[in-house]
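Undergrad: this is a predicted model, with the sequence first.
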Amino acid sequence: MQEAQFQLLNGASLGNAHAAAKNVGAFSGAMRPNLVALLDSIGVQKWLKIGSCESLFTTNSYLVQSTSILSHPIFVNGANYSGAPNMIKTAFLQKQLLEYFAKEAAQLKTALYIPLGPKVSEGLGWLVKQGILRDEQILNGLPHPSGANAERIAYFLGRKAKNALSIKTNAAQLDAVRAAITTRMQLLGTSGAA
């Protein structure tokens, strides 16, 4: 809101103020450097032909569309939606996916989707089954960049050794995810986004 206000007070159009505010707010705080490190570690910057995914929040912001799979606020019993009821098994939420996210996705035919969290991955998988997305467009399993996932992120990035992990972190699962994402990125090649 502060960025939007700053932009408007300095003569920006509503559209430009909105875009600037979205760039400032997207994955702000500790999440952004974690997300950048994760994306760079799997080679997204090479695929996009940029130096680092950090520039997706500045000079190369036109290359990224940060969005939510459920485009509008969803409340359950007065609280923010947190994955229950299951979005792919609930008619109202399926309708939200199809009427909003699917229409946005239809405009981004060559996009690479990086779901942050298992519920989002499940929703994108459902959209693949509906014929809206292609499975090869989705990089499932990347650790969520939240600070609550610090150990998982550190291991995924090679900053923490397997023998130093707590019992809460499943190294085998993270190794499998890293291998699958690496293979997917190799299949995509480094020719850049279309």
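TA: Perfect, I can see it now.

Undergrad: okay, CA-based contacts and neighbour counts for the rest of this
TA: Noted.

Undergrad: residue ranges with poor pLDDT in the protein?
TA: Across the chain, the ranges flagged by pLDDT under 70 are 23-28, 190-194.

Undergrad: where do the helices of it begin and end?
TA: Per DSSP state H, the chain carries helices over the ranges 2-9, 14-25, 31-42, 44-48, 91-96, 102-106, 118-129, 150-156, 171-188.

Undergrad: distance to S82 and mean neighbour count for these - can I get that in a markdown table?
TA: Formatted as a markdown table, the helices of the chain follow (distance: least, CA to CA, whole Å; neighbours: other CA atoms under 10 Å):
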| stretch | distance to S82 | mean neighbour count |
| --- | --- | --- |
| helix 2-9 | 27 | 15 |
| helix 14-25 | 21 | 17 |
| helix 31-42 | 19 | 19 |
| helix 44-48 | 28 | 19 |
| helix 91-96 | 13 | 15 |
| helix 102-106 | 20 | 15 |
| helix 118-129 | 9 | 18 |
| helix 150-156 | 21 | 20 |
| helix 171-188 | 23 | 15 |
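
Undergrad: mind checking how far P145 is from V177?
TA: Using CA to CA, to the nearest Å, one gets 15 Å for the distance from P145 to V177.

Undergrad: if we can go back for a sec, make CSV out of the helices of the chain and add distance to T67.
TA: CSV is the format used below for the helices of the chain (distance: least, CA to CA, whole Å):
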stretch, distance to T67
helix 2-9, 18
helix 14-25, 10
helix 31-42, 15
helix 44-48, 18
helix 91-96, 14
helix 102-106, 9
helix 118-129, 11
helix 150-156, 22
helix 171-188, 21
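
Undergrad: E54 is nearest to which of those?
TA: Of all the helices of the chain, it is helix 31-42 that lies closest to E54, at 5.6 Å by CA to CA.

Undergrad: how far out from the middle of the chain is the closest one?
TA: 11 Å (CA atoms, centre = their mean, to the nearest Å).

Undergrad: neighbours of Y81, just the number please.
TA: Neighbourhood size, Y81 [other CA atoms under 10 Å]: 14.

Undergrad: thought it was touching F75?
TA: Yes - counting by CA atoms under 8 Å, Y81 touches F75, with 5.1 Å between them.
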